[in-house]
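>>> Need a 3D model of the sequence below.
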Amino acid sequence: MNSLPAAVVGAGTAIVDLLVRVDDEFLARELPGGRGNTTWVDAARLDELIRRLQERGFQLEKAPGGSTGNLLCGLSELGCGTRFLGWLGLDDDGIYYRDTFAESGGGIHSFKYHPSKHTGRCLSLVSPDADRSMVTDLGASAEMRADGIRQSDLDGADLLHTEGYLCGLKDRTFLPRLLEQAKNAGIPVSFDLASYGIVREYRDEIREYLDKYVDVVFANELEAAEFAGTDDPESMLDALARLCPVAAVKLGALGSLVRMDGRTARIAPEPADPVDATGAGDLWQAGFLFGRLHHAPPEVCGRIGSVLGAAAVSHFGARLPETAWRELRPRIRAMI
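The predicted model follows:
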């Protein structure tokens, strides 16, 4: 496998995950209409949900999370240089997030620290069918500001990866400023649509970003359907590919569709015994980008993504144990 000394810079929401298996009754009562999506709450509402879970005897597991963080850690485990541009709080969760990211091999000098806001948290509710519903308080991540971006944050980057969640920041100039800076530096950009709720609320902005700045766009089936206004997978892919040179639509158990260099590739799903879908899409994207950074064809990029996505869905939480990576690395090495 070729080494990749230059960094993949990821700009996103730095979130500590609180993972818990719940029953359908809890989801129906606490998240009516919000199942399978991200629900945005303030710290008080999140604390209330955590208290109710603990009172009922549910066990919560802490892990570093956030879509971009999960993707960067996957790339780090495969040998890529990575760096996170994100905001943390000056609290125990911020120290935990920074240190665990560094332990995975990621660069931490582009983290920013808010003096009073706590680090973002996401309550990831895993249902009996292995689907996950997320209740998120962005905390310090909501305070990401364009004037906090330094030129050095993109130094040495082969790729900037970012996410649709940044469309909803208080500083609406942050994302376009970052994308413009990457474009001016000649750095390709990959973009994750993030959630169907984000697409619904910020469709016009996202369309503009994809058209002007983005080289690779990722969407799952719900996000792509919301963006394209259709549930036909080929039409979803067409809508995204009209705006970006590379488009990928993840279809879960049906595999994925990729358009690259004007050619469509159908990627078969990798067999898995679903345990928890948290982070599966993020690791799919990490695998795809790893293949692309090695100039692999779309079939290979998608296949690596499927392998990592299946591994993620077969484990609880978004971060795979080292035992899993020891099996995955030689398999992926043989595919490049």
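>>> C-alpha only now, for contacts and for neighbours.
Will do.
>>> next SSE after the helix or strand of the chain with the lowest mean pLDDT?
Ranking every helix and strand in the chain by mean pLDDT, DSSP states H and E puts strand 4-11 at the bottom, with a mean of 77. Remark: after strand 4-11, the chain's next helix or strand is strand 15-21, criterion DSSP states H and E.
>>> how far does that next one sit from the chain's center?
Its chain's C-alpha centre and that of strand 15-21 lie 15 Å apart, by CA atoms, centre = their mean, to the nearest Å.
>>> What of stretch 240-251?
Counting by CA atoms, centre = their mean, stretch 240-251 comes out at 16 Å from the chain centroid.
>>> And stretch 14-27, by the same measure?
17 Å.
>>> residues in contact with the residue nearest the centre of the chain?
Residue closest to the mean C-alpha point of the chain, counted by CA atoms, centre = their mean, is S67 at 2.4 Å. S67 sits next to 12-13, 163, 194, 279, 282 when contact means CA atoms under 8 Å, 6 or more residues apart in numbering.
>>> Among these, which one has the most neighbours?
When neighbours are taken as other CA atoms under 10 Å, the top entry among the contacts of S67 is T13 (30 neighbours).
>>> which one is that one nearest to, not counting chain neighbours?
Leaving aside its chain neighbours, T13 sits nearest to S141 (5.3 Å; criterion: CA to CA, 6 or more residues apart in numbering).
>>> same deal with Y165?
A194 (6.0 Å).
>>> Now do the helices in the stretch 1-150 of the chain.
Assigned by DSSP state H, counting those that start in this stretch, the stretch 1-150 of the chain shows helices spanning 24-30, 43-55, 67-77, 92-103.
>>> so which of those is the most packed in?
For the helices of the stretch 1-150 of the chain, average neighbour numbers computed from mean count of other CA atoms under 10 Å are highest in helix 67-77, which has a mean of 27.
>>> who's in contact with L88?
14, 94, 111-114, 118-120, 140-141.
>>> Touching, L240 and V217? I think so.
Yes - the pair L240 and V217 passes the contact test of CA atoms under 8 Å, sitting 7.4 Å apart.
>>> so what sits against both of the two?
A247.
>>> pLDDT below threshold where in this structure?
By pLDDT under 70, the low-scoring segments of the chain are 1-6, 33-34.
>>> farthest residue from the center of it?
Largest centre distance within the chain, by CA atoms, centre = their mean: E55, 30.8 Å.
>>> dump the residue contacts of that one.
Counting by CA under 8 Å, 6+ apart, E55 has no contacts.
>>> that older thread, got the contacts of S67 as TSV, with distance to E226 columns?
Output for the contacts of S67, formatted as TSV (distance: CA to CA, whole Å):
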residue	distance to E226
G12	22
T13	22
E163	16
A194	12
G279	21
D282	19
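>>> Between those residues, which sits nearest L154?
The closest of the contacts of S67 to L154 turns out to be G12 (CA to CA; 13.8 Å).
>>> thought the closest one was touching L160?
No - with contact defined as CA under 8 Å, G12 does not count as touching L160 (10.6 Å).
>>> In this structure, spot the strand with the most residues.
Across the chain, the longest stretch assigned as strand under DSSP state E is strand 80-89.
>>> how far is that strand from where the chain is centred?
The answer for strand 80-89 is 13 Å, by CA atoms, centre = their mean.
>>> just the angle between that strand and helix 92-103, please?
170 degrees (axes from the mean of the first three to the mean of the last three CA atoms, to 10 degrees).
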